[in-house]
Each structure stands twice: as C-alpha cells, then as structure tokens.
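[1] quick one, structure for this:
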Amino acid sequence: MKNSNENRNPRVLDTSALVHDPKSLLAYKDDIYICLTVLEELDNLKERSNSSVSADARVVIRMLEDIINGHSAEQMEAGIELPSTETATRGRLFIGIDTQLEMAKELKHGIGSDADNRIINYALYLQKELDTDVTIVSRDINMRLKARTIGVDAEDVLVDNQISDMDLLYTGVQEFEGDLFDKCDEQDGFAMSGETYRFGRDTFNEEAQPRMYWFDESGHVGKITEVTDEHVYTELLSRKQEKIWGILPKNQRQAIALEQLTSPDYDLNIILGPAGSGKTFLAVAAGLHQVLELKQYKKIVVVRSRDFMDDDPGYLPGDLKDKSMPLLAGVTDALISMHSDDNHETNIHATIEHIIEKANIEFTSMAYFRGRSIDDAVLIIDEAQNMTRAQVKGMLSRGGKNCRTIVLGNLAQIDDRFITPASSGASAAVNVYRNYDKGSVLIFDEVERSSLAQFTEQNL
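    Numbers count the residues shown, from 1 in each chain. Model prediction:
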C-alpha cells in the first residue's frame, strides 16, 4: 500500500469517505471519481434519522452541486476541473456511470454489501480503462480489505485533510524567497521608470494581475499595475511602515492589508484567512484612523453575516444596539486589545465606550440591513463565510457615496449547514471582485493571536 501523501493514483471516493469528510472532494492533487452508486447512497442517507449523518450527506450533495452546476453529462464524464491555486493543485472530478457495468467474476457471487461490490467493480473497470492503478478511498475497513484482495489499492480518508482559504481562492499576493531583484538580470529582467519596475512575465505566477501585491524576504513590497504577455509592471511601496491608529503590522501580509485598507484607490477590501490572523483587528484600526484622524468618513458600520453560529437562542431584550452588541464581540475585543496598553483595567471599558461614541460606531445585524444605503462610512461585514452569494450581493449593494466596504471571513469556519466553501458568498466575492478595478483581495496565512490559536488552526 502506498503512502497517502505520495500516492498519485486516481481516487475512487466511497460514500463513507465523503460523509466522514466532505472536503475529500478537494483533498487530492490527482483526478477523483464518483460513481452513480455513491450518489444513490448519498440520496438515501440524507433522509436518515441520524441527524448528523443526514446533515453530512446533504453537505456532500451541495458541494457536488456547486462543482458540477452548469456542466453537461458529457462534461462530467470528461472531467470537471477542480479549483487550483498557487498553494494547491487539483485534478478533475469525474461522475461515472457504474450501474451498467458487468460485474467482475471476482465479485459476481460475492456476499455482503451490493453497493460496496459495485463501487469496487467500478474501480476495477477504471484500472482497465485508464491502464493505471486506481485507489479506493473508504472509511470501511472491510471494503478496503476486499478491494486489496482482488487487486485494487485502497486507503482511509486523509487524517490531515485541511482545506484553507489559500487552497481554494486567488490570494491577492505572491511571496518570493530571498531578494526578488537578485533573481533578475538587470538588462532583461527589470527596468526602472520612476517608481515602476518591469519584470519578466515568468517571474510571477499565473495568478498575476493588476492590484495583486508581492513581497520578498528582503522586505520589498510591491503592487502590480499592469500585466502583458512579456512583462509585469509593479510599483515598489515604501519600506517605512506608518502606524495606523497606533498599530504596526506584525508581518508582510498585515503590512499589505493596512496599505489596502487605507488606500484611496479602493472602495472594497476583501480579507480572508485563519482565526487570529488579524483581519478584524486591522479593519477596525483602519476604520478608526480614517474616521477620527483623517475625517474621510463619518462613521463605522459593523454588520455580521449571521446572528448566531448554530440555532437562534430566542428573544433578546433591549434596543437594536443591545441586541447586536453581544453578536459582535470580536470587534469590541479588538478595540479593547488596541487600547489596553495605555489604560488601566478600571477605565478601559469607559475608553472603549468613548471611542464607539466618538467614531459613531454602529453595530447591527444583517436582518436589519434590507433597503439601507450607507453613505460616508466604513462598512465592515464580518463572518462573510456564512453568507450566500445572494446575501453578498445584497450587502455589497448597500454602499452609497463615499463608502468603503470591508469584507472579512474564513472558509474554515463555515458553520451554516447549507453553505459550503464552494458556494460561500465569501468565495463568490473573491472570484468576482478580484476583477473590480477599485477592489483589493488578500488572504492571510499566519496566525498572530497565540501559539494555541495557531496550533488549533493547523491541526484541528
């Protein structure tokens, strides 16, 4: 049996593997196959009395729908390209018809699950058709043993199957080892004109486009202004990092985020990444800086995509502010963290209340947002991973004149049973607005909150 990380065989995914971890659809570098028998089993499982199993089956079905939506039967048989990025390459998804295949003699008189036998039979058929080894992925130990007995490789679901925002989406930034300028020939590689540098097109990855940023280990940070077939033109940003509301970035991506969040070139900033990477912290600092210090906007409006992570706990007493404040504790936590060094514990909350009042910070829920037009404001949309594409459209159309909209989220923290990484409004926002000439996209990859937060993000 091959090591799972080194195994480059096409994978046939069994029902148990998909239900155990729906992200298995996006876990492999090579092609994956799903047969009709698996789809039939998923359909049966979604009606199971076991709510956990039925919910997982529905998630798989929705993820499959998100991927194959708009593709014909011929395209599904020929293979649908799965999303690939600089950090994660993937193969194609094939939906195969196994119900008309003649059962192999090794399985024809076999006992046990008919569905298991049909899936193994499909894998045997693929091995002959593709003329290469195929691996069945299953949680069922007995099925794996049966498959290996008749000559089909089998493995369990990957234990470390972690799918991050960077693995699924355009990241908005490219990182280079060493000094980027050392990699280029002075004559052919780049030429300086004012603040603009020209590099060969092959220096950058395929995602390179205007408004994409880059940085290297020597501390250079740049923004791409133009991409042609032969060259990439970039502006080199200042190395001197100015404090924004007393905040200095802790890494290069945070430096880029603060530049984007305060640049007059943008009225939309999309920032995704793991919990603890500083998304909310930086967005609030940039908002306070532009409202209180620069006077560019009159208020900050903070809205969360969903009221609660799981089920609605029921009626909350009080006015709109009283109802919304507990739901947006991440923002108030950021405010406390920003100002705790300069204040004693006894007056920190008074300071925060003063800042909220002075900056005219409005905390609200998405439920109260229909029909509004937000003018002269910084609009922060938090937890966008739990929004649908339609909700993103509704929220981003709320911005009026002189409004900067900031979208924050983390696909790994989707907790809505009806939303998957492929259908999330945050994913849609990145894919659509990466082409918006007044918008920026940035995905974080580092956790700055604590060592525990970083370990949790990477391993749980």
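
[2] isn't residue 152 right next to residue 137, touching?
    No. Residue 152 is not in contact with residue 137 according to Cβ atoms under 8 Å; the separation is 11.4 Å. All C-beta atoms are positioned from the backbone trio N, CA, C, and that covers glycine.

[3] local confidence estimate at the spatially most central residue of the chain?
    The centroid of the chain falls nearest to residue 165 when counting by Cα atoms, centre = their mean (2.7 Å). If you check residue 165, the pLDDT there is 73.

[4] just the one 3 residues further on next, same as before
    Predicted confidence (pLDDT) for residue 168: 77.

[5] burial check on it, number of neighbours?
    Per other Cβ atoms under 10 Å, the neighbour tally for residue 168 reads 25.

[6] got it, and residue 206?
    Neighbours of residue 206 using other Cβ under 10 Å come to 9.

[7] tell me which helix or strand it sits in.
    Residue 206 belongs to no helix or strand when assigned by DSSP states H and E.

[8] so how far is residue 79 from it?
    Noted for residue 206: a distance of 20 Å to residue 79, by Cβ to Cβ, to the nearest Å.

[9] repeat for residue 259
    40 Å.

[10] which one's more surrounded, the two?
    A count of neighbours by other Cβ under 10 Å puts residue 259 above the other of residue 259 and residue 79, at 23 against 16.

[11] backbone dihedrals for the nearest residue to the more buried one once chain neighbours are set aside, please?
    Leaving out its chain neighbours, the residue that sits closest to residue 259 by Cβ to Cβ, 6 or more residues apart in numbering is residue 237, at 6.4 Å. Residue 237 adopts backbone torsions of phi -80, psi 160, taken as degrees, to the nearest 10.

[12] what sits against residue 237?
    221-223, 259 (Cβ atoms under 8 Å, 6 or more residues apart in numbering).

[13] tell me which two in the residues you listed are the farthest apart.
    Greatest spatial distance in the contacts of residue 237: 222 and 259, 10.8 Å, computed using Cβ to Cβ.

[14] joint contacts of the two?
    213, 237.

[15] which residues touch the nearest residue to residue 14 once chain neighbours are set aside?
    Closest residue to residue 14 apart from its sequence neighbours, by Cβ to Cβ, 6+ apart: residue 138 at 3.7 Å. Neighbouring residues of residue 138 by Cβ under 8 Å, 6+ apart: 14, 16-17, 144, 147, 154, 156.

[16] rerun that using 10 Å as the cut-off
    Counting by Cβ atoms under 10 Å, 6 or more residues apart in numbering, residue 138 makes contact with 12-18, 20, 116, 119-120, 144, 146-147, 154-157.

[17] same deal with residue 402?
    267, 296-298, 374-377.

[18] what residues are up against the closest residue to residue 239 other than its chain neighbours?
    Among residues not flanking residue 239 along the chain, residue 219 sits closest, at 5.8 Å (Cβ to Cβ, 6+ apart). Contact analysis of residue 219 by Cβ under 10 Å, 6+ apart lists 179, 239, 241, 252, 255.

[19] can you select the buried ones among the contacts of residue 402 for me in ChimeraX?
    Command for ChimeraX that selects the buried part of these, burial taken from 16 or more other Cβ atoms under 10 Å:
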select :297,374,377
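
[20] now the two most distant members of the contacts of residue 402.
    By the measure Cβ to Cβ, the contacts of residue 402 have their two most distant members at 267 and 298, which lie 15.4 Å apart.

[21] what number of residues lie near residue 382?
    23.

[22] beta partners for it?
    For residue 382, the beta-bridge partners are residue 304 (DSSP bridges).

[23] run through who's touching the helix or strand that contains residue 394.
    Element membership for residue 394 (DSSP H and E) is helix 389-396. If you take Cβ under 10 Å, 6+ apart as the criterion, helix 389-396 is touched by 268, 270, 303, 305-306, 366, 369-372, 374, 379, 381, 384, 387-388, 405, 407, 419, 423-429, 431-433, 436, 439.

[24] so for it, mean pLDDT?
    On average, helix 389-396 scores 89.

[25] next: stretch 205-220.
    If you average the pLDDT over stretch 205-220, you get 93.

[26] how about it: buried residues?
    So for stretch 205-220, counting by 16+ other Cβ under 10 Å, buried means 208-209, 211-216, 220.

[27] could you do stretch 437-448 as well?
    439-448.

[28] would you reformat these as a markdown table and include pLDDT and secondary structure?
    Shown next, in a markdown table, are the buried residues of stretch 437-448 (pLDDT from 0 to 100; DSSP: H, G, I helix; E, B strand; the rest coil):
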| residue | pLDDT | secondary structure |
| --- | --- | --- |
| 439 | 97 | strand |
| 440 | 97 | strand |
| 441 | 97 | strand |
| 442 | 96 | strand |
| 443 | 94 | strand |
| 444 | 92 | coil |
| 445 | 85 | coil |
| 446 | 79 | coil |
| 447 | 79 | coil |
| 448 | 70 | coil |
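
[29] nearest to residue 171 among those residues?
    Nearest member of the buried residues of stretch 437-448 to residue 171, counting by Cβ to Cβ, is residue 443, at 4.3 Å.

[30] in this structure the closest one contacts residue 175, no?
    No. With contacts counted by Cβ atoms under 10 Å, residue 443 stays clear of residue 175, the gap being 11.6 Å.

[31] below-threshold pLDDT in this protein: ranges please.
    Where the chain drops to pLDDT under 70, the residues are 1-6, 49-52, 86-87, 110-112, 159-164, 185-194, 305-330, 339-346, 449-460.

[32] change it to 50
    Residue ranges of the chain with pLDDT under 50: 307-314, 320, 323-324.

[33] walk me through the domains of it.
    With domains defined by automatic domain parsing, the chain comprises 11-161, 166-236, 252-459.

[34] out of those, which comes closest to residue 246?
    Of the domains of the chain, nearest to residue 246 by Cβ to Cβ is domain 252-459, at 6.9 Å.

[35] tell me the gap between the closest one and the middle of its chain.
    Taking Cα atoms, centre = their mean, to the nearest Å, one finds the center of domain 252-459 at 16 Å from the center of the full chain.

[36] and what of stretch 225-237?
    26 Å.

[37] picking that back up, now for residue 443 and residue 175: what residues contact both?
    Joint contacts of residue 443 and residue 175 (Cβ under 10 Å, 6+ apart) are residue 253.

[38] relative to residue 351, how far out is residue 334?
    Residue 334 is 14 Å from residue 351, by Cβ to Cβ.

[39] mind listing what's buried along stretch 359-374?
    Across stretch 359-374, burial judged by 16+ other Cβ under 10 Å covers 359, 361-366, 369, 374.

[40] where along the stretch 151-300 of the chain do the helices fall?
    165-168, 252-262, 279-288 (DSSP state H, counting those that start in this stretch).

[41] nearest to residue 412, of those helices?
    For the helices of the stretch 151-300 of the chain, the distance to residue 412 is smallest for helix 165-168, at 7.1 Å, taking Cβ to Cβ.

[42] check the offset of that closest one from the chain's centre.
    On the basis of Cα atoms, centre = their mean, helix 165-168 sits 5 Å off its chain's mean C-alpha point.

[43] and the helix or strand harbouring residue 332, what does it pack onto?
    Using DSSP H and E, residue 332 sits in helix 329-339. Where contact means 3 or more Cβ pairs under 10 Å, 6 or more residues apart in numbering; DSSP states H and E, helix 329-339 is packed against helix 279-288, strand 299-304, helix 348-358, strand 361-365, strand 377-382.
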